[in-house]
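Enquirer: model the following, please.
(one chain, ligands or ions: 1)
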Amino acid sequence: MRTTIHDIQSYKERGERFSVLTAYDYATARVIDECGLPVILVGDSLANVMHGEDSTVSVTMDDMLHHTRVVARGAANALVVGDMPFMSFQTSPQDALRNAARFLQEARAQAVKLEGGEVMAETIRTLVERGIPVMGHIGFTPQSEFQIGRRYQGRRTADDARRVLRDAQAVQDAGAFSVVLELVPEQLSHMITERLVIPTIGIGSGPHCDGQVQVVSDMLGIVTDHIGRHVKRYADIADVMRSAVTAYAQEVRDGVFPTADHTRPLSQDILNDL
Ligand code: KIV
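Expert: You can find the predicted model right below:
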């Protein structure tokens, strides 16, 4: 049975921590789904880990719909959340509504995520009131990187921290079913998690959030450049791939692969005929 936003809420009510991973393709989504993770996020981080870009602002609606569609095909049970790309929702609540609907109708997501706190409250409310579940995203918001810098948010002054608290409250009041806290200092994300009734999902924000999210290519060690301190590497898949690719190339060179076992022979009758 597919996870619903109500299941996510009940994790918080039961005090049960949950994990979220990003995915961008069918095969990875299948593996994550088989492992029973309740939520798969098709993050616009695909710009970095799939497209090799430095920033997420290059991602388009077409990119996101394409990747969300294939992830949704691989996710039989997880709630699939599509990340709204730069300028697909900032221009107006109506644009946001039109684009969010495309994630559900065309890409088969069950929810969307969008970046921004107080400033996005009206937009979140517009979507939620029309039946589109929204995951908020506050703290460091990568689409605003050129404006705010790639750094922890709410850390420099008390006013700074109060702004993050207000953002969290605004996202909840607007009707979001959960909120990502990215690069929020540990004590502040603890405070937010205690104050909110909706689940918080942390990345680089300490252990007190209700859930955690990681970029799958970072934690699996597929992409090994620009890794933040918030990443824990659970595997070195790039190294496994390098060994396999090198062994394959060597075996082809040496005539070890392929063997007769890797093909099908012609029958003796046809051979005689030839
Ligand atoms: O795009 C993404 O992968 C994200 C997560 C890091 C939360 O927004």
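Enquirer: show me what contacts residue 180?
Expert: Shown in contact with residue 180 (Cβ atoms under 8 Å, 6 or more residues apart in numbering): 113, 135, 136, 137, 138, 139, 200, 201, 202, 203, 213. All C-beta spots, glycine's among them, are computed from the backbone N, C-alpha and C.
Enquirer: and the next helix or strand past the helix or strand where the fourth one lies?
Expert: Secondary structure assigned from DSSP states H and E places residue 137 in strand 134-139. Per DSSP H and E, the first helix or strand lying C-terminal to strand 134-139 is helix 145-148.
Enquirer: does residue 59 really touch residue 42, like I thought?
Expert: No. Contact criterion Cβ atoms under 8 Å: residue 59 and residue 42 do not qualify, at 10.5 Å.
Enquirer: okay, those two: which has more neighbours?
Expert: Neighbour count, other Cβ atoms under 10 Å: between residue 59 and residue 42, residue 42 has more, with 31 against 25.
Enquirer: nearest spatial neighbour of residue 111, skipping sequence neighbours?
Expert: Closest residue in space to residue 111, ignoring its immediate chain neighbours: residue 133 at 3.9 Å, by Cβ to Cβ, 6 or more residues apart in numbering.
Enquirer: the one you found: what's it in contact with?
Expert: By Cβ under 8 Å, 6+ apart, the residues touching residue 133 are 5, 110, 111, 112, 177.
Enquirer: burial measure for the residue in the stretch 1-150 of the chain that the ligand sits nearest to, as a count.
Expert: The nearest approach of the stretch 1-150 of the chain to the ligand comes at residue 43, 2.2 Å away (Cβ to the nearest ligand atom). Residue 43 has 30 neighbours, counted by other Cβ under 10 Å.
Enquirer: so for it, what's the pLDDT?
Expert: With respect to pLDDT, residue 43 scores 98.
Enquirer: how close does it sit to residue 269?
Expert: Separation of residue 43 from residue 269 (Cβ to Cβ, to the nearest Å): 57 Å.
Enquirer: residues in the stretch 151-274 of the chain within reach of the ligand, list them.
Expert: Taking Cβ under 6 Å from any ligand atom as the criterion, the stretch 151-274 of the chain approaches the ligand at residues 180, 182, 203, 213, 215.
Enquirer: out of these, which is most surrounded?
Expert: The member of these that has the most neighbours, counting by other Cβ under 10 Å, is residue 180 with 29 neighbours.
Enquirer: what secondary structure does it sit in?
Expert: Recorded secondary structure, residue 180: strand (DSSP: H, G, I helix; E, B strand; the rest coil).
Enquirer: just the helices in the stretch 51-200 of the chain please.
Expert: Under the criterion DSSP state H, counting those that start in this stretch, the stretch 51-200 of the chain contains helices at 61-74, 93-105, 121-129, 145-148, 158-173, 186-195.
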